[in-house]
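Student: Sequence and predicted structure below; questions after.
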Amino acid sequence: MELILPMEPIMREQVFDSEEFTYQLKWDGVRMLAYSGKNQVELINKKLNNRTAQYPELQALISLLHGRQAVLDGEIVAFKDSQPNFPAVMRRDNARKEKCIAMLLKEVPISYIVFDLLWDNDKDLRNLPLIERKRHLQNLLRPQNGIHIIEDFPSGSSLFTAVQEANLEGIVAKRKASPYLAGKKHQDWYKIKYRRRQSCIIGGYTLRNNIANSLLLGVYQGDNLHYVGRASSGLNESDWKELHSGMSHLQTGKMHFVSLPSQIARKCYFINPSLVVEVEFAEWTQDMHLRSPVIKGFLKIPPEQCQI
């Protein structure tokens, strides 16, 4: 069967309610299409890369789909403390060696959240309305063992309020009558993101006109301090001058990050990792950096609490 590029939602700023739409949680994981047959499930990500080996537990789809030839669209999610954890699922997704995959299978369990059925045996369902595809999915798949069908909600505003309270990624609004437009971004689907917060350690800074103008941010993963991005928004000129004065006393020649892009390392000044800042950000990128971080304030907590 020819590989299918996933349909993508369009970004939207404002939450809305409409009877023409259904609303779903936007899960913070890895988009994955599952091609299931009699003997194997192949897992293909949105860049059409094969990830079958990384998630061996999803071979359970064969029995759950009764050996039918089917194509599912969904999200692979890992949880930590009952919250979706993108860094954890990326550990699974980036694993290549058999021993590492086997170890992570036990250490980092995943769930597959299924939200669409594109193909069932010889039937291409992509031109059917979403609500009909969802009905087919519910009749075909019996969720169990970490495989779930995404829940639909009638109100976008109520769901978004719940997302904010739970510090989740956001919501997706889908037109009930929408066909599945493979490889397209279309106004039948919208994503509305909630900007989340993360506590980070300041490991260094850059200068402009001899005053600090951006912070190098890190978080701990185990005992290692990982660089997660650079923040330059959120402080005014007076704030930067005051912060620069304080950081100059913490300056050191030692880099505490386990990794840092060389082009950044050449232009920055390192400090002892003792200051903690809270940032607001849009999402984690695939290379585990904060997208669009904004400095919100400083925290009086031990740096060791800045974990992912």
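Tutor: Looks like it came in fine.
Student: contacting residues around Pro6?
Tutor: Neighbouring residues of Pro6 by CB atoms under 8 Å, 6 or more residues apart in numbering: 31, 33, 46, 73, 182-183. (Each C-beta comes from the backbone N, C-alpha and C, glycine too.)
Student: same thing with Arg126?
Tutor: 4, 118-119, 133, 179-182.
Student: residue ranges of the helices in the protein, please?
Tutor: For the chain, the helices defined by DSSP state H cover 61-64, 86-94, 98-107, 130-140, 156-166, 237-248, 262-265.
Student: can you give me the mean pLDDT across the first one?
Tutor: What that stands for is helix 61-64. The average pLDDT within helix 61-64 is 94.
Student: And the longest one, by the same measure?
Tutor: Along helix 237-248, the predicted local confidence has a mean pLDDT of 93.
Student: can you check the fourth one too?
Tutor: Throughout helix 130-140, pLDDT has a mean value of 97.
Student: Now do that helix: which elements does it pack against?
Tutor: Counting contacts by 3 or more CB pairs under 8 Å, 6 or more residues apart in numbering; DSSP states H and E, helix 130-140 packs against strand 110-120.
Student: tell me what the strand it packs on is packed against?
Tutor: Using 3+ CB pairs under 8 Å, 6+ apart, strand 110-120 sits against strand 30-36, strand 70-80, helix 130-140, strand 147-149.
Student: Switch those over to JSON lines; also include distance to Leu168.
Tutor: Below are those laid out as JSON lines (distance: least, CB to CB, whole Å):
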{"stretch": "strand 30-36", "distance to Leu168": "16"}
{"stretch": "strand 70-80", "distance to Leu168": "11"}
{"stretch": "helix 130-140", "distance to Leu168": "21"}
{"stretch": "strand 147-149", "distance to Leu168": "15"}
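Student: Which among these is found nearest to Arg96?
Tutor: With CB to CB, the closest approach to Arg96 among these belongs to strand 30-36: 15.2 Å.
Student: Relative to that closest one, what are the paired strands and their orientations?
Tutor: If you go by DSSP bridges, strand 30-36 pairs up with strand 41-45 (antiparallel), strand 70-80 (antiparallel).
Student: so how far is that strand from its chain's centroid?
Tutor: 16 Å (CA atoms, centre = their mean, to the nearest Å).
Student: what residues are up against the nearest residue to Arg31 once chain neighbours are set aside?
Tutor: In space, and not counting its chain neighbours, Arg31 is closest to Lys46: 4.5 Å by CB to CB, 6 or more residues apart in numbering. Lys46 makes contact with 5-6, 8, 31-33, according to CB under 8 Å, 6+ apart.
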